[in-house]
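# Show me how the following folds:
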Amino acid sequence: MNALTTALLETGLVQFGEFATSAGFRPFQTSLEMIASYPDVLQLAASEAASRLPDTEFLLAAPDAVTLAVVVGMERKLPVVFSRGCGESPVYDLVGAYDIGHAAVLIAGASNEPEQLRQLAEGARRVGLGVHTVLVVVETAPVALPDSEVIALVRLPEVARRLADAGRLPAGQARAVAEWLPETGRNA
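Residues are numbered from 1 along each chain as shown. Next up, the predicted model:
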């Protein structure tokens, strides 16, 4: 496993177990909105994201990735627009200075709610930010946006499988992750 994956696991920003959500239980939990509390992990994630970032004019941050997007924006000298995550129309939800007709990369901590990411990208497009790429730190569910590339720094099903193969995660837990996310095509 790479250094970023190891750091996310060691800090508890990614955890395996049984976690209650509004939609039931899931076999993992992510807390990427807390990455600012771990500067070394933030630096690892920002360096990896910046190195894989395609050419763009803006960064659009999902609510769980505002800090990360700001650091990447500083490194790449790109303006950042962020979502308040309030569910309002894009004119009220998006914070930042932007004009119509600019290319943007949507940065998200985790893809736990791919429909919310899709809505954020579509809303940004309606107000002039042309999202052409989604960069997610931890892919937990597939994100499918029309005319957009998806870049995942860490793929959770692969991590679970590798941890199980190394004896660091019960095989049943890795299976639970794979079964919870069958549509990823990367099952353990």
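
# Please name the residues that touch the nearest residue to Arg155 once chain neighbours are set aside.
In this structure, Arg155 finds its nearest non-sequential neighbour in Glu139, 4.8 Å apart by CB to CB, 6 or more residues apart in numbering. (Glycine included, C-beta is placed from N, CA and C.) Glu139 sits next to 110-111, 150, 152, 154-156, 184 when contact means CB atoms under 8 Å, 6 or more residues apart in numbering.

# Tell me which entries of these lie within helices.
Those of these mapping onto helices are Leu156, per DSSP state H.

# May I see the ChimeraX selection of the buried members of the contacts of Glu139?
Restricted to buried positions by 16 or more other CB atoms under 10 Å, the ChimeraX selection for the contacts of Glu139 reads:
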select :110,111,150,152,154,155,156,184
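
# now the lowest-mean-pLDDT helix or strand in the chain, how far from the centre of its chain.
Lowest mean confidence among the helices and strands of the chain (mean pLDDT, DSSP states H and E): helix 90-93, at a mean of 81. Its chain's C-alpha centre lies 21 Å from the corresponding centre of helix 90-93 when counted by CA atoms, centre = their mean, to the nearest Å.

# try stretch 110-125
Distance, stretch centre to chain centre, for stretch 110-125: 10 Å (CA atoms, centre = their mean).

# can you map out the helices along the protein?
For the chain, helices defined by DSSP H occupy the ranges 3-11, 39-52, 66-76, 90-93, 114-126, 156-165, 171-180.

# How about the contacts made by the most far-flung residue of the chain relative to its centre?
Distance from the C-alpha centroid of the chain peaks at Gly167, with 26.7 Å (CA atoms, centre = their mean). Shown in contact with Gly167 (CB under 8 Å, 6+ apart): no residues.

# any idea how far Leu153 is from it?
25 Å (CB to CB, to the nearest Å).

# Also Leu129?
The gap separating Leu129 from Leu153 is 22 Å, by CB to CB.

# Who has more neighbours out of these two?
When Leu129 and Leu153 are compared for neighbours, Leu129 comes out ahead with 28 against 19, by other CB atoms under 10 Å.

# before we move on, back to that, which neighbouring elements make contact with the least confident helix or strand of the chain?
helix 114-126 (3 or more CB pairs under 8 Å, 6 or more residues apart in numbering; DSSP states H and E).

# Which one of the contacts of Glu139 is nearest to Ala20?
Nearest to Ala20 out of the contacts of Glu139 is Ala110 (CB to CB; 16.7 Å).

# Could you verify my assumption that the closest one touches Val137?
Yes - using CB atoms under 8 Å, Ala110 is in contact with Val137, at 6.6 Å.

# one step back: do you know which of the helices of the chain lies nearest Ser22?
Checking the helices of the chain against Ser22 by CB to CB gives helix 114-126 as the closest, at 12.4 Å.
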